[in-house]
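Asks: 3D, please:
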Amino acid sequence: MKKLHHQPYSSHFVLWILTVMMSMFVFTSYFVVAPLISILASVNIATFALYGYDKFQATRNGSRVPEYILWLTALLGGTIGALVGMHTFKHKTRKSSFQIVVAVILLVQIGLIAFMLK
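Replies: Okay, here's the model as predicted:
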């Protein structure tokens, strides 16, 4: 069995942050959108891409993105990108413990939004 070599965990998160920053630059340079919408769109695009990258690496037995990084990107506002990425790439859909954490993150975010709108 081939032994997997993991890159430092921070490299995946740094890649995610750079993708968010590039997406925000594109949104603010070429589209007139509210800053919050630009941030959320960028975070979700980067999260979606990170799930795709992890699925690609899983099929090649390559260096994987740790689950806590995937959860962190959802927690930081990329829940929609995470859910769409999970279903688009058929990634982490069999692992119920992973899905439960993403569902809890989503429920907490919905609760916070509801609280803030009151």
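Asks: Report the helix or strand with the lowest average pLDDT across this structure.
Replies: helix 9-30 (a mean of 76; mean pLDDT, DSSP states H and E).
Asks: Which neighbouring elements make contact with that helix?
Replies: helix 35-59, helix 67-73 (3 or more Cβ pairs under 8 Å, 6 or more residues apart in numbering; DSSP states H and E). In this view, the C-beta of every residue, glycine as well, is placed from N, C-alpha and C.
Asks: show me the contacts for the most centrally placed residue in the chain.
Replies: Nearest residue to the geometric centre of the chain (Cα atoms, centre = their mean): residue 47, 2.5 Å. When contacts are counted by Cβ atoms under 8 Å, 6 or more residues apart in numbering, residue 47 touches 16, 73, 74, 78, 79, 81, 82, 85.
Asks: Output the residues you listed as JSON lines; include the columns neighbour count and distance to residue 51.
Replies: Listed next are these as JSON lines, based on neighbours: other Cβ atoms under 10 Å; distance: Cβ to Cβ, whole Å:
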{"residue": "16", "neighbour count": "23", "distance to residue 51": "11"}
{"residue": "73", "neighbour count": "29", "distance to residue 51": "9"}
{"residue": "74", "neighbour count": "26", "distance to residue 51": "9"}
{"residue": "78", "neighbour count": "29", "distance to residue 51": "9"}
{"residue": "79", "neighbour count": "23", "distance to residue 51": "12"}
{"residue": "81", "neighbour count": "25", "distance to residue 51": "7"}
{"residue": "82", "neighbour count": "24", "distance to residue 51": "6"}
{"residue": "85", "neighbour count": "25", "distance to residue 51": "3"}
